[in-house]
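> Would you be able to build a 3D model of this:
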Amino acid sequence: MIRGSTDGVTPVNISLGRIFGISAAAVALTVLGFTAQAQMKEKAAPKPPACGKIKDEAACKARDNCNWTAEVKDAKGKVKKKGSCKAKPKPPACSKVKDEAACKARDNCTWTAEVKDAKGKIKKKGSCKAKPKPKPQPQKKK
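Sure, this is the predicted structure:
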């Protein structure tokens with residue numbers, strides 16, 4: 001061998017290798033950055049405060065699921081109990097409704113008529129039941 005020989009590796013080959021190596025590393029880091037960003041979930045919008053946390057009458061009345069209870073004063077005009085915001089009670093389940101008109105007034109319930117035998121005696125009382133939820137339709141293949 002000749003002294004000082006680099007076995008076919010020239011300074012140009014070395015600098016091209018470094019450039020390609022640096023470029024490949026930059027591309028890899030960019031791809032990893034985009035992948036990590038895609039995996040991050042967006043934060044959901046914050047829930048509104050519970051009715052019990054609201055102290056303002058107007059804010060409480062603006063919400064349809066809250067009721068405002070007025071403050072109570074004694075004969076002298078001194079406040080005995082402050083006004084407060086409370087959640088409205090949920091309507092009873094369909095199975096708890098015993099009145100046909102009340103059942104039909106609700107859009108998520110259905111009334112089943114009473115069943116009588118041949119003599120006119122009631123075999124089964126009328127009842128209110130929840131409407132079944134519609135099943136998702138399978139998508140047709142194109």
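> bridging residues for the closest residue to I54 other than its chain neighbours?
Of all residues not flanking I54 in the chain, C85 sits nearest, at 4.2 Å (CB to CB, 6 or more residues apart in numbering). In short, each C-beta sits where N, CA and C put it, glycine included. Judged by DSSP bridges, the bridge partners of C85 are W68.
> Roughly how far does C85 sit from K73?
In this structure, C85 and K73 are 18 Å apart, going by CB to CB, to the nearest Å.
> These two - which one has more neighbours?
C85 (21 against 11; other CB atoms under 10 Å).
> ok, that one touching N65?
No: using CB atoms under 8 Å as the test, C85 is too far from N65 to be in contact (10.4 Å).
> Next, show the common contact partners of the two.
Contact criterion CB atoms under 8 Å, 6 or more residues apart in numbering; residues shared by C85 and N65: C51.
> on that earlier part again, now for the residue nearest to I54: which residues touch it?
Taking CB under 8 Å, 6+ apart as the definition of contact, the neighbours of C85 are C51, G52, K53, I54, K55, E57, A59, C60, C66, N67, W68, T69.
> Tell me the confidence at it?
Note for C85: predicted pLDDT of 91.
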